[in-house]
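everything below, folded, please.
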Amino acid sequence: MKQRAGRHGLSRSFWRFFLTCLFFDVGFGLYFFLINLYLAARNIDERTIGFIAGALTAGNIIATVPVGWLARRIGLRPLLVVAFVVAPLLAGARVFTDSPAQQICLAMLQGGAMCCYTVCFPPALARLTTEDSRTAAFSFTFAAGIGSGAMAGLVGGWLPVWFQHFGTTSEVSAAMRLVLLIGCFMVICGIPQLLQLRIPEAQTHSSAYGEISHIRSFLLPFLIAVAVWSLATGAFAPFANLYLSGVLHVPLPRIGLIFSASQLMQVLGASAAPLLYRAVGVARGIGLLQLLTAASFLVLAHARHTEIAVSVYLVLMCSQYSSSPGIYSLAMARSQPHQQSSVSAWQNLVSCIAIAASAALAGAVITRFGYGTLLTGTSALALLAAACFVFIDFFSASVDPSKSGQTKTRLQGVLSD
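Sure thing, here's the model as predicted:
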């Protein structure tokens, strides 16, 4: 039965999925804000915390391709249920052990379970929306996720203090543990909405030639573009606070205000992005936002005045995060329904590897050459990513999911004319 569409052409099923995603974002936003602080309070050193964080990422990367394969075999909803049940249970188990070995094992398993959400979220949202409403749906969901994550961080900073003040517990680590468990419980609260949700399963199948054509004409160029973009964005992000304090000499309280303002800019940018995509097209809109990002990186590389640098940094955060909904929307729009989970899995895998490699390389570049060289390099990478996405817009196949195996490129259209 066809879902009744509401405002912006978004169905009731989409809004139910939107609410489900909010539980996940708020719960884990609260959890990840506090988990490293909690581990430090339990006398676990920074080196071990780094290994634990690496294990979480490794679990996500290792599970990506198997989860994509399973999504095509058993559907999206069972794997989303795994994410909403297993991931918070594993996360909750981590607060009851101080053993580094157990923390690393549980973190890796948690990363694998959370990968089910990462891979299945884009195709699930795509199947609950139409082509006209899909970009707006991704933008609303991303904006809400960023906003709820910021709110979770704000609340997470005060809740342990409140619990101590009202006598719930006297120890800081015990108060943090209670907040971490609340975050896990909030994720689990999304399960009733998820179980009521009906996600249409992929019905269409294409020939072996159609699969090869899709890989050659869209998936391979798309993954190259995602890799280049992830290298650009992953290099500076871990060092942004160090840049503000070490290069611009911004005091710590003001850095907190700048980061809060940057999250507001991310929400506004993601919310307004559909207007740009509707005006110029999704791929070209992504390219324009990445051009703005490249320009912002370049200005930051040569900025000497704090006020100018901070203003440009806020523009950078806005343009960088505004492109994310478009990238996910483009991936789903250019793939047939039965291909979407695999495309999402490969996108996640390539992005995670590129970001991890970029962050590791960036540290060495900063140590040897300074922030100016790093920011100039990321500007060049962002410019190259923009060119890659414009290339995809011109040459890649536009797939109509309702017509299996039928593709037509812009180039073919020109030749036929």
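
distance of the residue lying closest to Val315 once chain neighbours are set aside relative to Leu275?
What sits nearest to Val315 in space, not counting adjacent residues and going by C-beta to C-beta, 6 or more residues apart in numbering, is Ser296, at 5.3 Å. Yep, even glycine has a C-beta here, placed from its N, CA and C like the rest. With the distance defined as C-beta to C-beta, to the nearest Å, Ser296 ends up 20 Å from Leu275.

which of the two has more neighbours?
Between Ser296 and Leu275, Ser296 has the larger neighbour count (other C-beta atoms under 10 Å), namely 25 against 11.

let me see the contact set for that one.
Val312, Tyr313, Val315, Leu316, Ser319 (C-beta atoms under 8 Å, 6 or more residues apart in numbering).

and for Leu291?
Neighbours of Leu291 in contact, by C-beta under 8 Å, 6+ apart: Ala382, Leu383, Ala386.

per-residue pLDDT of it, please?
Residue-level confidence at Leu291 comes out at 96, pLDDT.

so after the helix ranked longest in the chain, what's the next helix or strand?
If you go by DSSP state H, the chain has its longest helix at helix 131-165. Next along the chain after helix 131-165, taking DSSP states H and E as the criterion, comes helix 172-188.

from the chain's centre, how far out does the helix or strand following that next one sit?
Downstream of helix 172-188, the next assigned helix or strand under DSSP H and E is helix 191-195. Relative to the centre of its chain, helix 191-195 is centred 22 Å away, using C-alpha atoms, centre = their mean, to the nearest Å.

for helix 191-195, give the mean pLDDT please.
On average, helix 191-195 scores 93.

and what of stretch 145-163?
Mean predicted confidence for stretch 145-163 is 79.

what residues of that stretch count as buried?
Of all the residues in stretch 145-163, those buried under the rule 16 or more other C-beta atoms under 10 Å are 145-150, 152-153, 155-156, 159-160, 163.

from the residues you listed, pick the one nearest Pro337.
Of all those, Pro337 sits closest to Gly145, with 23.6 Å by C-beta to C-beta.

hmm, that closest one is touching Cys21, no?
Yes: using C-beta atoms under 8 Å, Gly145 is in contact with Cys21, at 6.8 Å.

mind giving me the packing neighbours of the helix or strand hosting Thr373?
Using DSSP H and E, Thr373 falls within helix 371-395. On a contact count with 3 or more C-beta pairs under 8 Å, 6 or more residues apart in numbering; DSSP states H and E, helix 371-395 meets helix 220-236, helix 282-302, helix 340-369, helix 410-416.

6 Å instead?
helix 220-236, helix 282-302, helix 340-369 (3 or more C-beta pairs under 6 Å, 6 or more residues apart in numbering; DSSP states H and E).

buried ones in the first one?
The neighbour-count criterion (16+ other C-beta under 10 Å) identifies 221-236 as the buried residues of helix 220-236.

run through who's touching it.
Residues from elsewhere that reach helix 220-236 (C-beta atoms under 6 Å, 6 or more residues apart in numbering): 320, 346-347, 350-351, 354-355, 358-359, 362, 378, 381-382, 384-385, 388-389, 392.

just the residues contacting stretch 97-106, thanks.
Outside stretch 97-106, the residues touching it (C-beta under 6 Å, 6+ apart) are Arg42, Thr48, Ile52, Ala55, Leu90, Ala93, Arg94.

in three-state terms, label the closest residue to the first one other than its chain neighbours for me.
It refers to Arg42. Distances taken as C-beta to C-beta, 6+ apart place Asp98 nearest to Arg42, at 5.1 Å, with adjacent residues excluded. Following DSSP: H, G, I helix; E, B strand; the rest coil, the label given to Asp98 is coil.
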